[in-house]
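> Just a sequence and a predicted model for now, questions to come.
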Amino acid sequence: MIRSLLSVADLNSKEIEKIFKKMKSFKRKSYAKHKGKSIGLLFEKHSTRTRLSFEVAISRLGAYPIYINRSDTQISRGESIAETAKIFSLYLDALVYRTSDQKNMEEFEKFSTIPIINALSDLEHPTQIISDMFTIKDLSAKKRVENLKIAYFGDGNNIANSLCIISDILKLNLVICCPKGYEPNLNSLNITDSNVSIDHNPETAIENADVIYTDVWTSMGMEKEEKKRLRDFKKYQVNKEIASNANSSHIFMHCLPAHIDEEVTLEVLNSKNSIVYEQAENKVYAAMAILDFLLS
Ligand code: CP
Ligand code: NVA
């Protein structure tokens, strides 16, 4: 059966644990397990980390990465996603896809006979969050991850949605802290775990947090709303003052790229609590593990 990863919800807890195990093993040693395979990377939006980490991961697996800029393809001249998906399936063994609309991803998957991997959409960033959960587990070895308090500060879109879903599946304590009107829709995400909550008050959300996670206030494609967002999110910045109310041993996380002095100050980003580079490095192992899981 062809498996894709369009949402974190496409996996159950056992499968997520299996991916973590594969990440651990790939972190120790690379295996060229997928020699001769060709993996496409179709990107409709900018990317530094996700594109590069997947290209490196594909090479380390012995497969061949093919980067495809949407504007170079016939899609940009009107060829349908359905037709494109059928053609891609003839040439490729899997497709890593970044799009501004999750519906494009679903349409692509519907007409594909190869695994489709969500490399960020408006609704989710599953490979990022799987990687980040591994990072949290790895760095919190002494504490059970279920006992940690994770406080996410920022917009309730792709990163927050994927965080909510993984927290629901793995039964983690997650507080989403955002201004009114920017909450993730827990109903449409089918969140059943009562340990996933929304708090509009930064002081209570940060209290005793073991993990602080933030993301940009203005995501790619939302630039028109930037001015309003800067005003609405003003009191949700992760700075030294607010971070001092978290556990002193807390870790600070950001998927990056960061907008300095908006959602985070440089002081916090470069602080001893910050693990943003471990996070970025682990994206390679997550990409290897996810590809291996879907292709095996
Ligand atoms: N974190 C992340 O997805 O970064 P890029 O946009 O650089 O890929
Ligand atoms: N929320 C951000 C994540 C970037 C990795 C965006 O969509 O631009």
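Nice, I can see it. Ligands and ions are numbered 1, 2, ... in the order given.
> Only C-alpha atoms from now on, for both contacts and neighbour counts.
Will do.
> low-confidence ranges in the stretch 101-250 of the chain?
Regions of the stretch 101-250 of the chain meeting the criterion pLDDT under 70 are absent.
> Now the stretch 151-296 of the chain against ligand 2: closest residue?
Per Cα to the nearest ligand atom, Ser219 is where the stretch 151-296 of the chain lies closest to ligand 2, at 3.5 Å.
> Would you mind giving the secondary structure of that residue?
For Ser219, the assignment made with DSSP: H, G, I helix; E, B strand; the rest coil gives coil.
> now Arg98: how far from Ile116?
10 Å (Cα to Cα, to the nearest Å).
> circling back to that earlier point, can you get me a residue count around the residue of the stretch 151-296 of the chain closest to ligand 2?
By the criterion of other Cα atoms under 10 Å, Ser219 has 14 neighbours.
> mind checking pLDDT for the residue of the stretch 151-296 of the chain found nearest ligand 1?
Ligand 1 sits closest to Cys255 of the stretch 151-296 of the chain, with a gap of 4.3 Å, by Cα to the nearest ligand atom. The model reports Cys255 with a pLDDT of 98.
> quick one, what contacts the nearest residue to it once chain neighbours are set aside?
In space, and not counting its chain neighbours, Cys255 is closest to Asp215: 6.5 Å by Cα to Cα, 6 or more residues apart in numbering. Asp215 makes contact with 153-155, 159, 254-256, 258, 263, according to Cα atoms under 8 Å, 6 or more residues apart in numbering.
> longest helix of the protein?
Identified as the longest helix of the chain according to DSSP state H is helix 276-295.
> check contacts around Ala57.
Counted by Cα under 8 Å, 6+ apart, Ala57 has contacts 284-285, 287-288.
> how distant is the helix or strand it falls within from the center of its chain?
Using DSSP states H and E, Ala57 falls within helix 49-60. Distance of helix 49-60 from the chain centroid (Cα atoms, centre = their mean, to the nearest Å) equals 15 Å.
> how about that helix: buried residues?
For helix 49-60, a neighbour-count test (16 or more other Cα atoms under 10 Å) marks 49-51, 53-60 as buried.
> swap in stretch 216-223?
216-218.
> and the residues you listed as a markdown table, adding distance to Ala32?
Shown next, in a markdown table, are the buried residues of stretch 216-223 (distance: Cα to Cα, whole Å):
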| residue | distance to Ala32 |
| --- | --- |
| Val216 | 36 |
| Trp217 | 39 |
| Thr218 | 39 |
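> picking up where we left off before, and the residue of the stretch 151-296 of the chain closest to ligand 1, how many neighbours does it have?
Neighbours around Cys255, by other Cα under 10 Å: 21.
> With Arg144 instead?
Neighbours of Arg144 (other Cα under 10 Å): 10.
> Next, give phi and psi for the nearest residue to Gly154 once chain neighbours are set aside.
Spatial nearest neighbour of Gly154, excluding adjacent residues (Cα to Cα, 6+ apart): Cys178 at 5.3 Å. For Cys178, the backbone dihedrals are phi -150, psi 160 (criterion: degrees, to the nearest 10).
> which residues touch Cys178?
Contacts of Cys178 by Cα under 8 Å, 6+ apart are 153-156, 198-201, 233, 236.
> Please enumerate the strands of the stretch 151-296 of the chain.
With DSSP state E, counting those that start in this stretch applied, the stretch 151-296 of the chain shows strands at 173-177, 196-199, 211-214, 251-254, listed in chain order.
> Could you export the ones you listed as CSV, including mean neighbour count?
Shown next, in CSV, are these (neighbours: other Cα atoms under 10 Å):
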stretch, mean neighbour count
strand 173-177, 25
strand 196-199, 19
strand 211-214, 24
strand 251-254, 23
